[in-house]
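Engineer: sequence unavailable; structure follows:
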């Protein structure tokens, strides 16, 4: 198989193979193969044992607020990843190797620039809201809405954002997720809290974005290495686009409130569109990443990125993490961390060895802000589409510029082709500053 892939690479280099899909397949398959074969068998076996053990210890440690029991595993995992990076690409900094694995073309230098821009915009904005902003009264947010009502409404929500229920299905689970099984087959799940209807609303919209991407991949890529999304950041940009850029826009409140009134008239019959807009965009620091709002979310990612940078640079070890976590949470979010369960033990990612993964969560939202002016230049009016509850023109742009390409283009190439310029965090920072400055009258 390796010899055959090498032959194909030589044919591409000699311009004997020129079909764009075949060229993309050879490039992607060769890279996948090289990386899959990079580690010796004994390293792979030892890694599986280490991460399985670490995961079991993490579950107990989180419940018991016991960082000390998990701490040795973090050091072992980081040391192992540094060693593994030498097998994958000995010419690069180990952390850059793993950042690139999750988002092709990204390295610590690029992320440093991105997070510096976010830090300069978002941290002062969050602190200003805390000092001068007024939070809205929104008792409807915690109104009791029965499980059965929320389930029925969830299917209409999927239709509202443009999913064809013939292509996908909705299930209910502990933690919302979506899964693309093959071209033309993606599934969505959500979780229902009877006293938090909007949690379900936005998890359905978020996961519908992921599913739309998987369903929009070029059918010709089925059963090839180009099937599926190209990167975690691009995938997250689709879910966050539907959830935040469209789903939390002022314009989208018109169809969303109509749907809420149809299913829960006793709660939403007297709520105005402006009241709903303010409520779904409350920005308030919290300790738990998965509960964070659109504005404070990237600060949670920065905490984790800053700590990963220090660990891989040898400037910190696992025993330093609780103090670093507390320091950065105070600096970025203005909060004190009461315990490690709500601090450095809250996420499972590190127990599975996923270092370099977290930054993609913030990058996804940042890509979104650059899509909007590109859509406008192509004649797509996002606000108009949201206001009438018909996202077809928006979905058509995303399908043409993002979805159809599957893994055929890496993230950087995809963004530049779609937006007409390389990724630039300025769009994201300007979007957050304008939106939340207006919402909180700063």
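Structural biologist: Okay, I see it. Note that the structure is predicted; figures quoted are calculated from it, not measured.
Engineer: and the strands in the stretch 151-300 of the chain?
Structural biologist: Remark: strands assigned in the stretch 151-300 of the chain by DSSP state E, counting those that start in this stretch are 168-172, 178-182, 185-190.
Engineer: what's the angle from the lowest-mean-pLDDT helix or strand in the chain to strand 168-172?
Structural biologist: Least confident helix or strand of the chain, by mean pLDDT, DSSP states H and E, is strand 178-182 with a mean of 76. Computed by axes from the mean of the first three to the mean of the last three CA atoms, to 10 degrees, the angle separating strand 178-182 from strand 168-172 equals 140 degrees.
Engineer: confidence score at the closest residue to residue 244 other than its chain neighbours?
Structural biologist: Using CB to CB, 6 or more residues apart in numbering and skipping residues adjacent in sequence, the residue nearest residue 244 is residue 294, 4.9 Å away. Where you see a C-beta, it was placed from the backbone N, CA and C, and this is true even at glycine. pLDDT, residue 294: 97.
Engineer: ok, residue 294 touching residue 283?
Structural biologist: Yes - Residue 294 is within contact range of residue 283, at 7.2 Å (criterion: CB atoms under 8 Å).
Engineer: mind listing what residue 229 touches?
Structural biologist: 180, 213, 214, 217, 235, 238, 406, 407 (CB atoms under 8 Å, 6 or more residues apart in numbering).
Engineer: what about the third one, distance to residue 417?
Structural biologist: Going back to what we said before, that points to residue 214. Separation of residue 214 from residue 417 (CB to CB, to the nearest Å) stands at 20 Å.
Engineer: higher neighbour count, these two?
Structural biologist: When residue 214 and residue 417 are compared for neighbours, residue 214 comes out ahead with 26 against 13, by other CB atoms under 10 Å.
Engineer: contact partners for that one?
Structural biologist: Counting by CB under 8 Å, 6+ apart, residue 214 makes contact with 178, 180, 183, 186, 228, 229.
Engineer: what residues are up against the third one?
Structural biologist: Meaning residue 183. By CB under 8 Å, 6+ apart, the neighbours of residue 183 are 214, 215, 217, 218, 219, 221, 222, 227.
Engineer: and with 10 Å instead?
Structural biologist: 214-224, 226-228, 406 (CB atoms under 10 Å, 6 or more residues apart in numbering).
Engineer: give me the pLDDT for the nearest residue to residue 155 once chain neighbours are set aside.
Structural biologist: Leaving aside its chain neighbours, residue 155 sits nearest to residue 170 (6.2 Å; criterion: CB to CB, 6+ apart). pLDDT for residue 170: 85.
Engineer: residue 170: neighbour count?
Structural biologist: Residue 170 has 20 neighbours, counted by other CB under 10 Å.
Engineer: so it touches residue 190, yeah?
Structural biologist: Yes - applying CB atoms under 10 Å as the test, residue 170 and residue 190 come out as touching, 6.8 Å apart.
Engineer: got any residues that touch both of these two?
Structural biologist: Both residue 170 and residue 190 are in contact with 151, 154, 157, 158, 178, 204, 207, 208, where contact means CB under 10 Å, 6+ apart.
Engineer: list the contacts of the closest residue to the third one other than its chain neighbours.
Structural biologist: When the adjacent residues along the chain are set aside, residue 157 lies closest to residue 204, with 4.8 Å between them (CB to CB, 6+ apart). Neighbour list for residue 204: 150, 153-158, 160-161, 163, 170, 176, 188-192, 242-243, 247 [criterion: CB under 10 Å, 6+ apart].
Engineer: if we can go back for a sec, quick one: contacts for the residue nearest to residue 155?
Structural biologist: Contacts for residue 170 (CB under 10 Å, 6+ apart) come out as 151, 154-155, 157-158, 163, 178, 187-190, 204, 207-208, 211.
Engineer: circling back to that earlier point, in TSV, list the strands of the stretch 151-300 of the chain along with distance to residue 60.
Structural biologist: Below are the strands of the stretch 151-300 of the chain laid out as TSV (distance: least, CB to CB, whole Å):
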stretch	distance to residue 60
strand 168-172	27
strand 178-182	28
strand 185-190	26
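Engineer: could you pull out the helices for the stretch 51-200 of the chain?
Structural biologist: 67-88, 94-102, 108-132, 147-160, 197-216 (DSSP state H, counting those that start in this stretch).
Engineer: would you indicate which residues of the shortest one are buried?
Structural biologist: Applying a neighbour-count criterion of 16 or more other CB atoms under 10 Å, one finds 94, 95, 96, 97, 98, 99, 100, 101, 102 buried in helix 94-102.
Engineer: per-residue pLDDT, the nearest residue to the fourth one once chain neighbours are set aside?
Structural biologist: Sequence neighbours aside, residue 85 is the residue nearest to residue 97 in space, at 3.9 Å (criterion: CB to CB, 6+ apart). Model confidence at residue 85, given as pLDDT, is 98.
Engineer: where does pLDDT dip in the stretch 201-350 of the chain?
Structural biologist: Within the stretch 201-350 of the chain, no range satisfies pLDDT under 70.
Engineer: coming back round to it: report the buried members of the contacts of residue 204.
Structural biologist: 150, 153-154, 157-158, 160-161, 163, 170, 176, 188-190, 192, 242-243, 247.
Engineer: once you drop chain neighbours, what's closest to residue 132?
Structural biologist: Leaving aside its chain neighbours, residue 132 sits nearest to residue 442 (6.4 Å; criterion: CB to CB, 6+ apart).
Engineer: isn't that neighbour right up against residue 133?
Structural biologist: Yes - under the criterion of CB under 10 Å, residue 442 makes contact with residue 133 at 6.7 Å.
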